[in-house]
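S.K.: what follows is a protein structure lacking sequence information:
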């Protein structure tokens, strides 16, 4: 059965439409193979996808992302209202909601959790930076914003706004919030569909069904259907697949593109390709000088030439084995307010040569590209563009470095180019735009690129409550960035996940979250 | 008996070794480009966040002060907290080192079980069919990369025949042993090949020695000659080689642990180096250094027992 069908049914259920097309089965533990272990199970202080992508199973948020990752649906709050001036958000908490230890979720927990998420200088605070104050009375939560924030409702679905039990958290040992968080994250309590059971670091994490979860399944009884979920950490791609094929696990994430066709043809597996917000690109340093010498990449025509000289379709075939699709904007098609229908910079070597000549580099130049050591995708991309750009005289040196070295080099502004990838964390274009195009955040991907119009449009978009006007602002930002920005957009790819034929109802939304809430095993 | 003062002397020699290792690892890990905050945050590394994290970790202090903090943490035995995993380094060592040590120990035992009898057989059947067959098979084992051999063993004996689990570590001691047999075999094959070749050559050398001829002339039973005169003398170089190889085995465990999804020290070490998790890298290096040093010490003792001249 296709995952889309289940997702649709789950969505229909949430909207209160009854359906009895499929008889779900209850019980059983689903074992899911991950490529890496989680690091820190705190919703506010975590920094990595290995945490973010599973947190929603443990911690519930006031609102939930829809299955397509673009919209919002009720969570711990049954409804929400934004005042006309955009400055007040009123939410109604669901009756009788409890944490997995059976204690009730109070307005105080909600207020405290959101205030904790809004403490400045944490990685994710920018998502809720507009919060001015929070008041609760009975089941009503009233959030006053410092300025209208069109992305705020979406932010209430993001992991860092998860509702945590204030009393349990504060009872932890430690002087500071960070210390208490460390202690709490060793045995977290939340109100998600599952609750924490045990964790052998680097090996296994066990979650059990939360008996107090609020949502109902298709059969009218409480979700989740499963008795539990066990995550197994299997870093090696081949072993992860082998373990799935031998039936020792029910699902495996991050299937290498090279194996997708083979697993699709397999009789006892479903090879799922979940739509994602993941984009792969080459990012450039466009400062006038790099390491004391003039930088050809500062010239927009050179950047356009490199774009035209890049045969993206060929790279998609070589690196992703045809799984990827060409980008039509710097943001993925799954990102709200994405614009563009045609692939950016169709391969045109003559145009590229002409642009190089116009820019004053008819014979090309030498430069370098950072690729992540040992990462086959990045090395593949690097090798491909090295050959492609040689046709316009660009001599490219590939430098294999590890992640920390690469980060240091682009933060210092000493690199020329790097291969990079991005995934959204919120169903809104504001996050990717802030990092890619809005120069005050990180100098536009640490590139040194700055466009005053894009900066102004972004600032306006952050408090624009007319959706049509906001969409126009993002359309224009995309137009500017896609024409003269500091990147070579390459492709977007879905999340390749392989599941046993008996695994049903699992979903990975475009933001990456692994959703086991409505998953079940067909025994 | 010269052995006791010899052991004492060797233990004293370990102290400057450890001091040297502590200093070198402290410097080396900081010479790597990048810092923990950059490694953790990547694209999202905004200056304010990087500064906040570095301040929390005390990485904005002078290097000298950081070194004193590190030395103090060793002296008090707590080794600090992991930057990435937020838990004490000693806990991590306690969780991960036994796994890797067990894997290494099992690999060493398997290697010995394979190498000793086959080396004898090959030496005594020198240049005959058995000798060539044994050497041929081990040559293949030696030249196959660990990750490839691992996947083949997993495919055949795990997924195919179902005799062993396909990776993972299991729960409980016997389950751990069951899970570790294939990875230990993977690690053991190359070591067994080296040991077998070395011991075979040593036996061939010793069998032709004059004192063996003499023993034979005295009319000693062949079995006694083999054990007391041939094996004891042939083993000396093999023991040295075996001891030195334990360090290599611990290193090889990194790849094996990744392929077989075993939560051991090797994988943690690699992740920690990539994550610039200074306290973990320092603590684990120290723990590994202690293990390797103790193995060398044990090797020296065994060698001194086999060849008393060593202890003089």
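M.R.: Great, that's in hand. Note that the structure is a prediction, hence the values are computed from the model and not measured.
S.K.: show me what contacts residue B:131?
M.R.: Taking CB atoms under 8 Å, 6 or more residues apart in numbering or on different chains, we find residue B:131 in contact with B:121, B:122, B:123, B:125, B:200. Every C-beta, even on glycine, is put in place using the N, C-alpha and C of the backbone.
S.K.: which ones among those residues are found in helices?
M.R.: Assigned to helices by DSSP state H, the following of these qualify: B:121, B:122, B:123, B:200.
S.K.: and which of those residues is nearest residue A:404?
M.R.: residue B:200 (46.1 Å; CB to CB).
S.K.: hmm, residue B:119 and that closest one touching each other?
M.R.: Yes: with contact defined as CB atoms under 8 Å, residue B:200 reaches residue B:119; the gap is 4.5 Å.
S.K.: rewinding a little: relative to residue B:277, which of the contacts of residue B:131 is nearest.
M.R.: Nearest to residue B:277 out of those is residue B:200 (CB to CB; 43.9 Å).
S.K.: report the buried members of the ones in helices among the contacts of residue B:131.
M.R.: In terms of neighbour count (16 or more other CB atoms under 10 Å in any protein chain shown), the buried residues within those are B:121, B:122, B:123, B:200.
S.K.: got TSV for those residues, with distance to residue B:79 and pLDDT too?
M.R.: Shown next, in TSV, are these (distance: CB to CB, whole Å; pLDDT from 0 to 100):
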residue	distance to residue B:79	pLDDT
B:121	47	85
B:122	46	88
B:123	47	85
B:200	44	89
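S.K.: returning to what we had before: just put the ones in helices among the contacts of residue B:131 in CSV and tack on distance to residue A:137.
M.R.: Below are the ones in helices among the contacts of residue B:131 laid out as CSV (distance: CB to CB, whole Å):
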residue, distance to residue A:137
B:121, 86
B:122, 85
B:123, 88
B:200, 85
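S.K.: so what does the closest residue to chain A within chain B look like in phi/psi?
M.R.: Residue nearest to chain A within chain B (CB to the nearest CB): residue B:34, separated by 3.0 Å. Main-chain dihedrals, residue B:34, degrees, to the nearest 10: phi 90, psi 170.
S.K.: go on, the one 10 residues further on?
M.R.: Note on residue B:44: backbone dihedrals following degrees, to the nearest 10 are phi -90, psi 10.
S.K.: residue A:146 - how many residues pack around it?
M.R.: When neighbours are counted by other CB atoms under 10 Å in any protein chain shown, residue A:146 registers 12.
S.K.: element containing the nearest residue to it once chain neighbours are set aside?
M.R.: Using CB to CB, 6 or more residues apart in numbering or on different chains and skipping the chain neighbours, the partner closest in space to residue A:146 is residue A:132 (4.3 Å). According to DSSP states H and E, residue A:132 maps onto strand A:131-137.
S.K.: in the very next helix or strand once past that strand, what's buried?
M.R.: Downstream of strand A:131-137, the first helix or strand assigned by DSSP H and E is strand A:140-145. Burial within strand A:140-145, assessed by neighbour count using 16+ other CB under 10 Å, is assigned to A:141, A:142, A:143, A:145.
S.K.: which intervals of chain B have sub-threshold pLDDT?
M.R.: Counting by pLDDT under 70, chain B shows low-confidence ranges at B:1-2, B:311-312.
S.K.: what sits against residue 165?
M.R.: You didn't pick a chain, so chain A it is. The contact partners of residue A:165, by CB under 8 Å, 6+ apart, come to A:99, A:101, A:103, A:105, A:109, A:189, A:190.
S.K.: actually, chain B is the one I wanted.
M.R.: A:248, B:158, B:178, B:179.
S.K.: if we use 10 Å, what do you get?
M.R.: A:243, A:246, A:248, B:154, B:157-159, B:175, B:178-179, B:181-182, B:260-261 (CB atoms under 10 Å, 6 or more residues apart in numbering or on different chains).
S.K.: now, of the residues you listed, which are buried?
M.R.: Neighbour-count burial (16+ other CB under 10 Å) applied to the contacts of residue B:165 gives A:243, A:246, A:248, B:154, B:157, B:158, B:159, B:179, B:181, B:182, B:260, B:261.
S.K.: for these, which one is nearest residue A:222?
M.R.: Ranked by distance to residue A:222 (CB to CB), these are led by residue A:248 at 29.1 Å.
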